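> pasting the sequence and the predicted coordinates here, then a few questions.
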Amino acid sequence: QVQLVESGGGLVQAGGSLRLSCAASGRTFSSYTMGWFRQAPGKEREFVAAIGWSGTSTYYADSVKGRFTISRDNAKNTVYLQMNSLKPEDTALYYCAGDLSGSAASYWGQGTQVTVSS
């Protein structure tokens, strides 16, 4: 069993940056593909980024490519999402997900709110 706890969300002006963290419990963290999803009000949850177990493979949604960077520290059981050049349309509840298979995941965090003002 893996528990995921996100942190780092907040209110930021357009063009600013935030760094989300996702702390995971459980000894099998380092074997999982981890990812971030987001859900804006009135919209479906969408994929943002994913990272393979070793950290060498990363994947991004087109909407965040070049602005967001996903990384992980397996020694700390933590995955990060560095978000730069934030836009108002990035406003959403951001979820950490573990053991990804496509858009499905075995484990989900409770979410952290990111609000970008114009």
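Everything's here; your move.

> any idea which helix or strand comes after the helix or strand of the chain with the lowest mean pLDDT?
Ranked by mean pLDDT, DSSP states H and E, the helix or strand of the chain with the weakest confidence is strand 104-108, at a mean of 93. Using DSSP states H and E, the next helix or strand after strand 104-108 towards the C-terminus is strand 112-117.

> counting by contacts, list what that next one packs against.
For strand 112-117, the elements it packs on are strand 10-13, strand 18-24, strand 92-101, judged by 3 or more Cβ pairs under 8 Å, 6 or more residues apart in numbering; DSSP states H and E. The C-beta positions use only the backbone N, C-alpha and C, and glycine is treated the same way.

> present the ones you listed as a markdown table; the columns should include distance to Asp73, mean neighbour count and mean pLDDT.
Shown next, in a markdown table, are those (distance: least, Cβ to Cβ, whole Å; neighbours: other Cβ atoms under 10 Å; pLDDT from 0 to 100):
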| stretch | distance to Asp73 | mean neighbour count | mean pLDDT |
| --- | --- | --- | --- |
| strand 10-13 | 21 | 13 | 98 |
| strand 18-24 | 10 | 20 | 97 |
| strand 92-101 | 14 | 21 | 95 |
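
> how about a markdown table for those strands, with distance to Tyr32 added?
Listed next are the helices and strands packed on strand 112-117 as a markdown table, based on distance: least, Cβ to Cβ, whole Å:
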| stretch | distance to Tyr32 |
| --- | --- |
| strand 10-13 | 27 |
| strand 18-24 | 8 |
| strand 92-101 | 4 |
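
> please name the residues that touch the residue positioned nearest the centre of the chain.
For the chain, the residue nearest the mean C-alpha position is Trp36 (2.8 Å; Cα atoms, centre = their mean). Trp36 makes contact with 20, 22, 48-50, 70, 79, 81, 94-97 under the criterion Cβ atoms under 8 Å, 6 or more residues apart in numbering.
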